[in-house]
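**Student:** 3D model of this:
(one chain, ligands or ions: 1)
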Amino acid sequence: MSPEQQAKRPAVLVCRRVFPEVVERLREHFEVETNDEDADWSPAQLAARLRGKQGAYTMPTNRIDAALLDACPELRAVCNMAVGFNNIDVAACTARGVLVTNTPDVLTETTADFAFALVLAAARRLTEGEHYLRGGRWTSWSFDTLLGLDVHGATLGILGMGRIGQAIARRGALGFGMRVLYHNRSRLDAATESALGASRVSKEQLLRESDHLVLVVPYSAETHHAIGAAELALMKPSATLTNVARGGVVDDAALAAALRERRIAAAALDVFEGEPAVHPGLLALDNVVLTPHIASASLRTRLAMANLAADNLIAALGRGPQAGRPPTPLNPELLRG
Ligand code: GLV
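**Tutor:** Have a look, this model is predicted:
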């Protein structure tokens, strides 16, 4: 490549550490700055690094808002390595002509597997059992050691019936013979409902009737504390709650109180308000399974997400075989002009 061609290459920032082979792919097209120490940059540090660059390869911990966009007027594309994009102000990006992409589909089945693992773990007291054993408290078999709740044949409730919600419903209905209820803004078409054996109900009915309630709604101002004290009060004392959506969908303080007072039986949480901090009330309880935001973290899926984010960035900045046609845009209206 001539020095002239080299000079024309767009500049991009990879905002957190990612697979080296994916960074190498980006280097084929761009001048790439990386965050090798994987620092959690402050907004000012992120703006300083992004200034003068055309592309940002972001992770859920990188906040892209109007102030940052105003500080980085040369930015043309923000490509998030996650399906969730509550870290990005998409409207502010669109207003400034900045394309935003996420990584749907490639993580659907892996995330649904993990959600189901959490449902099972909460219902059958899996981590509690392990702590009991490792703590040396298991001295003899007994008929009533750690009695839990059945998952098979129970009622599975799903709040947010997008791709991941449907994949969880499929596991529940086909694998565990569960009755599936869901609440979502829009109704699934009749064929999908009948294939999943799923019925759309009001949020109140979902809360009242679910044995195992799973949250898969995207986080937004509208879904902030979608599950708080009032909602928890409607749930059965024998119910479990699983959150693989985002911290903030659940009021963690209200959940800790409900679990402590056994107003619901158990919970399993992969995401938290203010993570990586976890509400101390949750950390003190046995009847909650806690995992560090890893629902999509199989090696194959994280690699697929990383490559999809790279495909998006390469295409969004007019490079590669899909130049100008990033596969998964969130503001595709910018591509039509
Ligand atoms: C992870 O949380 C994602 O949104 O992909």
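
**Student:** test my guess that residue 99 contacts residue 334.
**Tutor:** Yes - Residue 99 lies in contact with residue 334 (CB atoms under 8 Å); the separation is 5.2 Å. C-beta here means a position set from N, CA and C on the backbone, and glycine is covered the same way.

**Student:** pick out whichever of the two has more residues nearby.
**Tutor:** Taking other CB atoms under 10 Å, residue 99 and residue 334 do not tie; residue 99 has more neighbours (25 against 18).

**Student:** partner residues bridging that one?
**Tutor:** residue 77 (DSSP bridges).

**Student:** residues near the residue in the stretch 151-300 of the chain that the ligand sits nearest to, how many?
**Tutor:** Of all residues in the stretch 151-300 of the chain, residue 296 sits closest to the ligand, at 5.2 Å by CB to the nearest ligand atom. When neighbours are counted by other CB under 10 Å, residue 296 registers 25.

**Student:** quick one, phi psi at the nearest residue to it once chain neighbours are set aside?
**Tutor:** Distances taken as CB to CB, 6 or more residues apart in numbering place residue 107 nearest to residue 296, at 4.0 Å, with adjacent residues excluded. As for residue 107, its main-chain torsions (degrees, to the nearest 10) stand at phi -110, psi 0.

**Student:** test my guess that residue 107 contacts residue 306.
**Tutor:** No - in this structure, residue 107 is not within contact of residue 306 by CB under 8 Å, at 11.1 Å.

**Student:** next, give phi and psi for the closest residue to residue 187 other than its chain neighbours.
**Tutor:** For residue 187, ignoring the flanking residues on the chain, the nearest one in space by CB to CB, 6+ apart is residue 200 at 5.0 Å. Dihedral pair for residue 200: phi -80, psi 130, per degrees, to the nearest 10.

**Student:** for residue 200, give the beta-bridge partners.
**Tutor:** Beta-bridge partners, per DSSP bridges, of residue 200: residue 182.

**Student:** how many residues are close by it?
**Tutor:** Count around residue 200 with other CB under 10 Å applied: 15.

**Student:** and residue 267, how far from residue 131?
**Tutor:** Using CB to CB, to the nearest Å, residue 267 is found at 16 Å from residue 131.

**Student:** who has more neighbours out of those two?
**Tutor:** More crowded of residue 267 and residue 131, by other CB under 10 Å: residue 267, with 27 against 12.

**Student:** check whether whichever strand or helix holds that one comes into contact with the ligand.
**Tutor:** Element membership for residue 267 (DSSP states H and E) is strand 266-269. No - between strand 266-269 and the ligand, judged by CB under 6 Å from any ligand atom, nothing touches; the nearest distance is 12.9 Å.

**Student:** any idea how far that strand is from the chain center?
**Tutor:** From the chain centre to the centre of strand 266-269 is a distance of 16 Å (CA atoms, centre = their mean, to the nearest Å).

**Student:** next SSE downstream of it?
**Tutor:** Downstream of strand 266-269, the next assigned helix or strand under DSSP H and E is helix 280-283.

**Student:** can you list contacts of that following helix?
**Tutor:** Residues from elsewhere that reach helix 280-283, judged by CB atoms under 8 Å, 6 or more residues apart in numbering: 252-253, 255-257, 259-260, 269, 272, 288, 290.

**Student:** export these as CSV, with columns for neighbour count, secondary structure and pLDDT.
**Tutor:** What follows is the contacts of helix 280-283, written out as CSV (neighbours: other CB atoms under 10 Å; DSSP: H, G, I helix; E, B strand; the rest coil; pLDDT from 0 to 100):
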residue, neighbour count, secondary structure, pLDDT
252, 27, helix, 98
253, 16, helix, 98
255, 27, helix, 98
256, 20, helix, 98
257, 14, helix, 98
259, 22, helix, 98
260, 14, helix, 98
269, 25, strand, 98
272, 20, coil, 98
288, 24, strand, 98
290, 15, strand, 98
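
**Student:** where does the stretch 151-300 of the chain have low pLDDT?
**Tutor:** Of all residues in the stretch 151-300 of the chain, none has pLDDT under 70.

**Student:** for it, which residues are neighbours of the ligand?
**Tutor:** Neighbours of the ligand within the stretch 151-300 of the chain, by CB under 6 Å from any ligand atom: residue 296.
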